[in-house]
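Engineer: give the three-dimensional model of this entry:
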Amino acid sequence: MTAKRLITSGSKWEPLLGYSRAVVAGNTVYVSGTCGVEADGSVAPDMYGQAKRALEIIRAALAQAGAEMKDVVRTRIFVTDASQFDAIAKAHGEIFGEIRPATTIVEVVKLVDAAFMVEIEAVAVI
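Structural biologist: The predicted structure follows:
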């Protein structure tokens with residue numbers, strides 16, 4: 001059996017919902033769906049800002065796991081308004097332009113909080 005290591009962000013939601021910001025299993029890191037929430041609980045008013053912040057949080061989780069953005073092989077992006085594709089593409093492309101992981105973008109009716117416009121998850125191999 002592959003040992004697993006749990007990565008936490010310290011969020012109050014992790015123990016409440018029973019999840020981890022990321023899980024390392026073998027040489028794979030699975031980062032949970034991540035919204036662009038600032039430390040004070042605020043969120044950017046636009047899709048680009050939220051996506052950028054979500055990717056910063058993902059970067060921090062990967063670092064705790066011993067990985068980097070260059071190790072990401074898969075992202076999934078959930079958005080509440082697919083017509084804002086350009087904003088998502090810009091944020092994702094700034095980080096992953098040369099890395100080019102497999103990616104899926106899915107439009108959803110809503111996310112867990114009405115202020116959230118985008119949620120991103122990632123898988124990395126180290």
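
Engineer: so which other helices or strands are in contact with the helix or strand containing E94?
Structural biologist: Using DSSP states H and E, the element containing E94 is helix 85-96. Here helix 85-96 touches helix 47-64, strand 72-79, strand 102-107, going by 3 or more Cβ pairs under 8 Å, 6 or more residues apart in numbering; DSSP states H and E. Every C-beta, even on glycine, is put in place using the N, C-alpha and C of the backbone.

Engineer: same thing but at 7 Å, please
Structural biologist: For helix 85-96, the packing partners by 3 or more Cβ pairs under 7 Å, 6 or more residues apart in numbering; DSSP states H and E come out as helix 47-64, strand 72-79.

Engineer: contacts for it?
Structural biologist: Residues external to helix 85-96 that are found in contact with it (Cβ atoms under 7 Å, 6 or more residues apart in numbering): 46-48, 51-52, 55, 69, 72, 77, 79, 105, 118.

Engineer: go ahead and build a ChimeraX selection from the buried members of those.
Structural biologist: To isolate the buried ones among those in ChimeraX, judged by 16 or more other Cβ atoms under 10 Å, type:
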select :47,48,51,52,55,69,72,77,79,105,118
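
Engineer: which of the contacts of helix 85-96 lies closest to L6?
Structural biologist: Using Cβ to Cβ, V72 is the member of the contacts of helix 85-96 that lies nearest L6, at 19.1 Å.

Engineer: what sits against the closest one?
Structural biologist: 96, 99, 101, 122-124.

Engineer: is it in a bridge, and if so with what?
Structural biologist: A124 (DSSP bridges).

Engineer: in the sheet, who's paired with the closest residue to V106 other than its chain neighbours?
Structural biologist: Spatial nearest neighbour of V106, chain neighbours left out: F78 (5.3 Å); criterion: Cβ to Cβ, 6 or more residues apart in numbering. Counting by DSSP bridges, F78 forms beta bridges with V106, E119.

Engineer: which helix or strand lies directly C-terminal to the lowest-mean-pLDDT helix or strand in the chain?
Structural biologist: When each helix and strand of the chain is scored by mean pLDDT, DSSP states H and E, helix 13-17 comes last, with a mean of 88. Sequence-wise, the next helix or strand downstream of helix 13-17 (DSSP H and E) is strand 22-25.
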